[in-house]
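J.: Give me the fold of what follows.
(5 chains, ligands or ions: 5)
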Amino acid sequence: MTTTPDTARGPAMAPAKRVDTRAILLFAFVACLFVGTGVLQSWNTTLSIFNMALVGAIMALGVNMQWGYAGLFNVGVMGFVALGGLAAVLVSMDPVDEAWAAGGLQILLALVLGAATIVLAILAYARLAAGPLRTLAMLVILIGGFFLFRAVFDPAVARVEAVNPASTGYLGGLGLPVILAWPMGGVLAAGAAWLIGKTALGLRSDYLAIATLGIAEIIIAVMKNEDWLARGVKNVTTIPRPVPYEVDLQQSQWFIDLADRLGADVITFSSIFVKLCYASLFIVVLLALIWLSEKAWNSPWGRMMRAIRDNEVSASAMGKDVKARHLQVFVLGSAVIGMAGAMMTTLDSQLVPGTYQPLRFTFLVWVMVIVGGSGNNWGAVLGGFLIWWLWIQVEPLGALLMQGITAGMDADSWLRAHLLDSVAHMRLLTMGLILLLVLRFSPRGLIPER
Amino acid sequence: MIIVQDLHKHFGGFHAVDGASLTIETGSITALIGPNGAGKTTLFNVIAGVLPPTSGRVVMDGEDITGLPPHVLFSKGLLRTFQIAHEFHSMTCRENLMMVPAGQSGETLWNTWFGRKRIADEERALRAKADEVLEFLTIEHLADHPAGQVSGGQKKLLELGRTMMVDAKIVFLDEVGAGVNRTLLNTIGDAIIRLNRERGYTFCVIEHDMDFIGRLCDPVIVMAEGKVLAQGTIDEIKADEAVIEAYLGTGLKNKDKLEGAEA
Amino acid sequence: MSDTSNPYQNDRGNKDLSITRPGTGTLSSSPGTGHAMNTSQAFLIGDTMTGGYGNGPDILHDCTIAVNPGEIAVIVGPNGAGKSTAMKAVFGMLNVRQGSVRLDGEDITDLTPQARVAKGMGFVPQTNNIFASMTVEENLEMGAFIRRDDIRETMEQVYDLFPILKDKRRQPAGELSGGQRQQVAVGRALMTRPKVLMLDEPTAGVSPIVMDELFDRIIEVSRTGIPILMVEQNARQALEIADKGYVLVQGRNAHTGTGKELLADPQVRRSFLGG
Amino acid sequence: MDILNAFVTLLNFVIIPATAYGAQLALGALGVTLIYGILRFSNFAHGDTMAFGTMVVILCTWGLQGAGITLGPLPTALLALPVGIAITGLLVIGTDRAVYRFYRAKKAKPVIFVIASLGVMFIMNGIVRFIIGVDDQRFADGERFIISARTFRDMTGLEEGLAFRTSQGLTIVVAIIAVVLLFWFLNRTRTGKSMRAFSDNEDLALLSGINPERVVMITWLIVAALATTAGTLYGLDKSFKAFTYFQLLLPIFAAAIVGGLGNPVGAILGGFLIAFSEVGVTYAFRKVVEYLAPGDWQPEGLLQLLSTDYKFAVSFAILLIVLLFRPTGIMKGKSV
Amino acid sequence: QESISLGVILGFTGPLESLAPGMASGAELAIAEVSGSGLLLGGTTVTPVRGDSTCIDASAATAAAERLITSDGVSGIVGADCSGVTTAVLTNVAVPNGMVMISPSATSPALSTAEDNGLFFRTAPSDARQGVVMSEIILGRGIDTVAVTYTNNDYGLGLADSFQAAFTEMGGTVTLVAAHEDGRADYSAEVGALASAGGDALVVAGYVDQGGSGIVQAALDSGAFETFVFPDGMVSQALVDNFGADIDGSFGQNPGTDSEGAAIFQGMATAAGFDGTSPFSAEAYDAAALILLAMQAAGSTVPSEYAGSVMDVANAPGEPILPGELARGLELLAAGQDIDYVGASAVELIGAGESAGNYREIEIQGGALTVVGFR
Ligand SMILES: Nc1ncnc2c1ncn2[C@@H]1O[C@H](COP(=O)(O)OP(=O)(O)OP(=O)(O)O)[C@@H](O)[C@H]1O
Ligand SMILES: Nc1ncnc2c1ncn2[C@@H]1O[C@H](COP(=O)(O)OP(=O)(O)OP(=O)(O)O)[C@@H](O)[C@H]1O
Ligand SMILES: CC(C)C[C@H](N)C(=O)O
Ligand SMILES: [Mg+2]
Ligand SMILES: [Mg+2]
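T.: Ligands and ions are numbered 1, 2, ... in the order given. Here you go, the predicted structure:
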């Protein structure tokens, strides 16, 4: 354990003045990776990886808040990302008037009824004394409520989904600018996180993990099967963009002039331009989030969170409301993840519930946090960039590796053919190899918590 | 100050605390002693809200505090230390102390972003206070050392130090002395007396070192098998047959033999 | 380890890397033997040891502790003096940069802790000294892990010594009170039937009656010829039964003498024994 | 007669499939729970370890079949099982040497192990696909059924059939034997206890003379045996496909956790809980009610609590509810 | 002498990883044929570059496409395979970069109306059509109550929807439509519900090497259904390999014609060492061939220039071109003549550029797949 006494931390507020050369070198290295991709492959590729990496970094920041700050093992990242995506649809798509007319209000009514049932049941549970009467009352409320809900809900849903199912068949959104979906994604995720936190945060480590994982699966199941909400597996495509369309740019005179002046090909430049627009929006969000989390983490708030993480029993005896704080970071972290989810859906301009797979949206983000260094915001961000770059680039890297392996072999040997056929699987294998290597040489993460 | 009424705490079929009733007077330094497994720590844990009681009540200054969570009790001025040190291992010793005071404005997220000046001032004061406590405990050289990597006794000191960071009404000390050097323990004893006299803290102390108890405490409550066995001044207790049999014992059996062998 | 609200809950192992990995860190000097010193002879001796945790600063400075068959040696000193560190060093849990450790004349400086157990050394650490999730009886069985003979008799002896453990033998040790856990820890070490016994504050937190019993038992054990090396904060009681006492201050031997001598030394009394 | 028919329907579509599926999950969960119990981390590579073991068994089975060796009514794969276990054992022990040992020595946090196991998962994933490819492989031979639906109908004259597959029978039997053996091993034998001691307090285990490397090796060997057996039985019952084995991981973990991590009996209970909630809650009771209802009365709807779209969600919801009331699983599991 | 490359974006890893190799081989067969002929635009050579669509991860697919276009500089894309990622790649990469994309297998009805600037085509028909064909086949066999299970994605749901609509319209009854997720460990729950709902046959709108087979297996084992109806995702050699005579009497349909093209293609595939009957392999061959033929027709490898020729070469009038005759097609085009590419799947592009939908009706007889008619 190497821990250098950190005298510079001073009144814990002062930002670490010590310039962390290791961190700077690592960021420079990752920057090289991106620039290298730009030079060797294309700037378009780099930028599209970069944009997703920004989103990944934000997700990693969110997970880092939960795990790094508070030791909460949230494996339901995917669910919050999906909720963010849902927000993008609900905010930016145009409302489908026909569908609303067919039963929109009735669906809302049903949802209110459903919520009321649950609230009533909880009230009954809290107010009535334990005993058979309470059980009976609860059962009556829940079962009655369920059937009432279904009776109102089902026909309305059937009518809404029947409205032109090939292209709509859902209620649509609010028709607002898609940028608003980002904070909304955060709010939606935060709301869900609050509900989850209220019930499940008492669970420990892996039990919390499986609980959150389960909730994420439930969220995805709802998004897949409730077509009236966001078309389910039929997907919502053509979500509006906050930035211009390439095709429009390619036709605008000013843009053609600009491209000319820069000596660039209009088509290539148009897609680079669009990506740069996205990138700058994302960077603003990322920087703001980093600033906020750095300030919070290097303050008495952060100190309190670390204490809670180290020892809950003792922190609680020292007057810290552990439950409330856990809920707080859980909600905040989830909001950040939800925001990233909305940003991602905006970038993709489509919501495809089927793409939400735990491996990609939960475990990959975890890898980012751990490889980057949990408990360190910069680490999480670095991990986000590095891992996302790898996730995309291991495909060509893996192929390259395979070529290397097979280079020495007889041109038409059976093994060589077989290996070259399997080249696609080098993708995950390479990822695994790199992951293990990184983890081996810095088990506490690339930029560890101080 | 604290009245415990017929408290029970059962673990499955085992009655760790089995109908204990006792009173801790305001301004006293009350000792709680008893054989290992008598239920002292369990009683502490119930009072401090770590464990829910099976039955019974705890009253503090006329207010029923049974089953309140620890952090609420803390805000009511009830503090406790742990028998097995519960330090925040990845934080420095100084931070371990600085985190204690409640109501720090820097614990509100909003302030960490937009109230930075105020936080800086508060932090300066806190830091000075923490350093003072560290110095008192003779571990000022460990201020920037991670608390997880100090010696066993130093952890206990830190544990005590945390109670000195705030103005408490009542402090429960669970075996502060175990593993602490006796000379230092005397200093701690002095501190406890000073806190008691000057700042009016009430103390309830679990300890197995009878000298320490004798110097500090009045009254002494003896627990055994989850119940209160005896109560009185130290001298009364030392003379109590039941207490001697259950707890104090009569000294080393082999002692004379040892000396005999040497002779 | 099962319940959040269990105040006895603690982490697995002591998070102290040094304990299983002697000398992780960058220190390259070969531990011990290269700098072997031989200042005196004893059955078990940590001879002029210098060393520390990982690549941190030295905690011990030319510290020597030794014990012979039939003897009880007690180490006392202020908190953080390095008493536990010295014990760990003797048991091979950290890097001894200079000096050596010898058992029965054999240099064991380079042996791993496991190997030392096999050579008959028994150790009760200061913290985390029980298997919290296992029953008391299983704790004792694990103490006898390296033994192949019948352990029932030893177990009965331990139960005689600590009757409460017999009552609780089916209970997970993690649910015991602080003092009871301490008894389990000592019991576990005794189960090995060690050739030499090292105890780090065995009486911390035990009631006076049990402390007396423990000391009695320790005397008995030592009578059977087993050397006993222990750290104690209940220093006066310990020194009374000690054949040899060491006062450590800041990792150095500050005073050495028989128990009686140290008890009689006014300066030692005042500074370390609480007057 | 109708009552019998109703009962047989329920048996055929709910009880038997759920029991067999539960046993499959339980076997997988046993491996997960053992690693968690002794080595203290959630091993994400378990699904792919199962795939690897099964792959070896399949290759061997093909060899045996090629040589004309079979087991009569039982699947030949059972003969190949020991080979599979041995080779998988070598693989996981090798993996431990190459990967996990380092972190153990570093006393890394469990989450580091989890992420490392994710890396191992990727690599095993690749290896399996390199060797056997991504396609469906069927390697079951011998009698498929102990009793098939048609035979049952012919035999009893009932309207409803009842099917019970050899592989289902095998799985149930093996799962029960495995859990009993494991329980006995961990709680009654010296080696088993030393493994628990190691898991409890590594340092103290060392001080008691327990050899950590041996404990770790034995753990991995048992895990290899469990994983290979579980994978093979699953493959015999359904089919072998690398991708599905990865997907199995989720319900397996759910089973291990809801049962209480580190507890073999919990793994069995968890497996059955997950399986029965998946199959039971979404079952449409129409047919059963039809048989039981008096006269010609026909229920209108399907009498289904929730559509099967939500079966996965339902099993997770039940898991959540269980955890809310028993925060460390049915059998009070461990947590790190 | 120029050399160009074509992108082949398919889900080499992920849930459809077992379909991808067959499809890629199909596409690469066509590419090799053209390149080998030395006739494309005066001897331009063509190399395939593979990209991994993962089938489900839109971001990874987009990134792969991005790389193919901007870094490898491909002149056209065969792919993607699954409808979801196809849409993503189309809107996010292909359209902005003006790249031509021909998907061999994305069958979601929604793609018919996607905004593509005339750059997107598919050699597979929209599932809207298949629903109608399947209903006719089922009713034609005197079956009027069926249960339906579909793989829970846009393909499965789209197909199930269009089938249910068509079937009920024609007077049939659907007892239950239940989704199943691919790659799950167990399908007893679905089969239990479907069995309870009853029906004379079970329509399995899934993938043969995914949940589809799992459902069939579970239904057979428990005796819940004996007759199955298989749409395109299920019809393949793997089906009979898996179940053999157990599913005798079951039937279904998949895109295909009685054209000799299909047979020729299978022969070529066998010669090249892969299974030509594997789903969408023929369509992939045609997709690649169409791109290259269109280049020849337009005399350019620039996507924006040859995009307009795709429909021309695919449809009549002109000389019909079968698999293996690509060289002849190139010659004809070079000579300024019109061709009508028929290919391995009887390509006929309608509407916004998707296959018209010729289906062949198959039946399992004696444990073998037999073609019993065409629609
Ligand atoms: N979580 C638990 N589950 C079961 N039994 C418990 C639990 N916690 C404590 N006990 C039992 O309750 C009894 C009282 O324990 P407690 O810790 O209160 O004793 P104590 O008086 O503090 O002893 P000591 O002086 O040794 O610290 C002991 O016998 C112990 O075994
Ligand atoms: N794991 C560790 N890593 C680094 N330094 C440590 C570690 N453990 C202890 N130290 C330091 O080593 C010094 C000696 O500690 P040690 O535990 O040996 O003291 P001790 O004499 O046993 O004190 P006590 O009586 O309080 O138990 C202390 O200053 C402590 O801060
Ligand atoms: C590869 C195919 C089976 C894909 C399917 N037709 C879809 O659109 O998703
Ligand atoms: Mg106690
Ligand atoms: Mg010590």
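
J.: centre of the chain versus stretch A:238-252, how much separation?
T.: Averaging C-alpha positions (CA atoms, centre = their mean, to the nearest Å) puts stretch A:238-252 25 Å from its chain's average.

J.: same question for it, mean pLDDT?
T.: The pLDDT scores in stretch A:238-252 average 89.

J.: what's the spacing between C:Asp58 and ligand 2?
T.: 10 Å (CB to the nearest ligand atom, to the nearest Å). Every C-beta, even on glycine, is put in place using the N, C-alpha and C of the backbone.

J.: OK, contacts around the nearest residue to that residue once chain neighbours are set aside?
T.: Of all residues not flanking C:Asp58 in the chain, C:Gly52 sits nearest, at 4.5 Å (CB to CB, 6 or more residues apart in numbering or on different chains). C:Gly52 is in contact with C:58-60, C:85, C:94-95, C:97, counting by CB atoms under 8 Å, 6 or more residues apart in numbering or on different chains.

J.: Tell me which of these fall in strands.
T.: Using DSSP state E, the subset of the contacts of C:Gly52 located in strands is C:60, C:95, C:97.

J.: nearest residue to the first one other than its sequence neighbours?
T.: Right, C:Leu60. Using CB to CB, 6+ apart, the nearest residue to C:Leu60 is C:Gly251, at 4.4 Å.

J.: isn't the one you found right next to C:Asp58, touching?
T.: Yes: assessed by CB atoms under 8 Å, C:Gly251 is found in contact with C:Asp58 at 7.0 Å.

J.: what does chain B put close to ligand 2?
T.: Within chain B, the positions adjacent to ligand 2 are B:149-154, B:179 by CB under 6 Å from any ligand atom.

J.: In chain C, which residue is most central in space?
T.: Centrality entry for chain C: nearest residue to the mean C-alpha point is C:Leu199, 2.8 Å, by CA atoms, centre = their mean.

J.: Spell out the secondary structure type for that one.
T.: strand (DSSP: H, G, I helix; E, B strand; the rest coil).

J.: got it, and E:Val8?
T.: strand.

J.: which residues are contacting the host helix or strand of A:Leu111?
T.: Assessed by DSSP states H and E, A:Leu111 sits inside helix A:105-127. Residues outside helix A:105-127 that contact it (CB under 8 Å, 6+ apart) are A:134, A:137-138, A:141-142, A:144-146, A:148-149, A:152-153, A:155-157, A:160, A:171, A:228.

J.: tell me the SS of C:Asp110?
T.: Taking three-state DSSP as the rule, one finds C:Asp110 in the coil state.

J.: Number of residues surrounding it?
T.: 16 (other CB atoms under 10 Å in any protein chain shown).

J.: now E:Ala294
T.: Neighbourhood size, E:Ala294 [other CB under 10 Å]: 28.

J.: For it, give its distance to ligand 5.
T.: Distance of E:Ala294 to ligand 5, given as CB to the ion, to the nearest Å: 82 Å.

J.: With just CA atoms, put whichever strand or helix holds that residue into PDB.
T.: Using DSSP H and E, E:Ala294 maps to helix E:281-298. In PDB, the C-alpha atoms belonging to helix E:281-298 read as follows (Å, rounded to 0.1, in the frame of the first residue of the first chain):
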ATOM      1  CA  SER E 281     -27.500 -16.700 -47.900                       C
ATOM      2  CA  ALA E 282     -29.000 -16.500 -51.300                       C
ATOM      3  CA  GLU E 283     -30.400 -13.100 -50.600                       C
ATOM      4  CA  ALA E 284     -26.900 -12.000 -49.500                       C
ATOM      5  CA  TYR E 285     -25.500 -13.300 -52.800                       C
ATOM      6  CA  ASP E 286     -28.100 -11.300 -54.700                       C
ATOM      7  CA  ALA E 287     -27.500  -8.100 -52.600                       C
ATOM      8  CA  ALA E 288     -23.800  -8.100 -53.400                       C
ATOM      9  CA  ALA E 289     -24.400  -9.000 -57.100                       C
ATOM     10  CA  LEU E 290     -26.900  -6.200 -57.400                       C
ATOM     11  CA  ILE E 291     -24.500  -3.600 -56.100                       C
ATOM     12  CA  LEU E 292     -21.800  -4.700 -58.500                       C
ATOM     13  CA  LEU E 293     -24.100  -5.000 -61.500                       C
ATOM     14  CA  ALA E 294     -25.500  -1.500 -60.800                       C
ATOM     15  CA  MET E 295     -22.000  -0.100 -60.800                       C
ATOM     16  CA  GLN E 296     -21.400  -1.700 -64.200                       C
ATOM     17  CA  ALA E 297     -24.700  -0.300 -65.500                       C
ATOM     18  CA  ALA E 298     -24.000   3.200 -64.200                       C
END
